[in-house]
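**Q** need a structure here:
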Amino acid sequence: MGRGHKQYRDEEPLQAAVLAILERHGVASLLQVTWQREEEKTERYRGSGRAVPAGRSIGSESSLCDHASAAQESAIQHAKDHQGWRVQVTNLPANVGTC
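**A** Numbering: from 1, shown residues only. Next up, the predicted model:
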């Protein structure tokens, strides 16, 4: 994850954020997003000088990341088929609207 981007550590806030983005763009029924938890273990030595086992600390960080995004092809095709055009009609004479 790059600088300045929020890393989600719990599934509920991530799910709410993904759903909000999909609904904002009107594609909630067209896309399916799955994620998985990534865990990274780190080992650090405390103090300065020579590394000794007693001065060692082991930490763990976990975060959720996008695992796969799948497009619902049949739903996308159905949405494309039902897109329409807007037609504007006026009762002005033909010579009034021209320059």
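**Q** And the residue nearest the centre of the chain, which helix or strand is it part of?
**A** Most central in the chain under C-alpha atoms, centre = their mean is residue 18, positioned 5.3 Å from the mean C-alpha point. Using DSSP states H and E, the element containing residue 18 is helix 11-24.
**Q** now that helix: mean pLDDT?
**A** Taken as a whole, helix 11-24 has a mean pLDDT of 88.
**Q** got it, and stretch 31-44?
**A** Mean per-residue pLDDT for stretch 31-44: 79.
**Q** Mind listing what's buried along it?
**A** Of the residues in stretch 31-44, 31, 35 count as buried by neighbour count, 16 or more other C-beta atoms under 10 Å. Quick note: C-beta positions are derived from backbone N, CA and C, even for glycine.
**Q** hang on, the earlier thing: look up how far residue 65 lies from the residue nearest to the centre of the chain.
**A** 12 Å (C-beta to C-beta, to the nearest Å).
**Q** Check residue 14 too.
**A** 9 Å.
**Q** Looking at those two, which one has more neighbours?
**A** Ranked by neighbour count (other C-beta atoms under 10 Å), residue 14 and residue 65 place residue 14 first, with 19 against 12.
**Q** what residues are up against residue 32?
**A** The contact partners of residue 32, taken as C-beta atoms under 8 Å, 6 or more residues apart in numbering, are 69-72.
**Q** Which residue ranges of the chain form helices?
**A** Along the chain, counting by DSSP state H, helices occupy 11-24, 73-81.
**Q** Which residues does the shortest one contact?
**A** Residues lying outside helix 73-81 but in contact with it, judged by C-beta under 8 Å, 6+ apart, are 29-30.
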